[in-house]
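[1] Next one to model:
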Amino acid sequence: MTPPEAPVDGKNHPGNTPPAASVCAPEPLIVLKKRSDFLKAARARRQGTSSMMVQARKREADEACGIRVGFTCSKKVGNAVARNRAKRRLREAARAVLLESGRDGWDYVLIGRADVTANRPYDALLDDLRYALRKVHAAGK
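    Modelled structure (predicted):
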């Protein structure tokens, strides 16, 4: 489905109103934004890898549904450019791996490491995340 085209004359005619719903596909991963969610994950299971730290917790039944994920990089990772690059790479790794290996009803927080997260080969970054998820989920049984 494509978005409607704007009218040629630039005026909003009644028949040319945009759709009420977004035409983009919904994001299957929900991004954590509240500090309290990050703190809850920090008190739960952890698994370190050479490129990141993964914190994970199984939510209570009355909490939100779906897979939720948060990303953080401290100033130890570097300046703002380095931190943003590391977080972008973590976001892409999460999109690729959590859809296949993540579990519904879990929160995950991916924490970047100094000099490693931004420079590690992408395939190795994905393997690190898969490894961490296997360990965290095995501990939850």
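[2] Now do Ser51, the pLDDT please.
    pLDDT, Ser51: 92.
[3] Correct me if wrong, but Asp104 is in a helix.
    No: read with DSSP: H, G, I helix; E, B strand; the rest coil, Asp104 is coil and lies in no helix.
[4] Asp127 versus that one, what's the distance?
    23 Å (C-beta to C-beta, to the nearest Å). Using the backbone N, CA and C atoms, a C-beta is placed for each residue, glycine as well.
[5] same check, this time on Gln47
    For Gln47 relative to Asp127 (C-beta to C-beta), the value is 13 Å.
[6] Then Lys34?
    30 Å.
[7] Who are the contact partners of Ala49?
    If you look again at residue 49, you'll see it is Thr, not Ala. Contact analysis of Thr49 by C-beta atoms under 8 Å, 6 or more residues apart in numbering lists 128-129, 131-132.
[8] Show me the residues you listed that map onto strands.
    In strands, judged by DSSP state E, none of the contacts of Thr49 are found.
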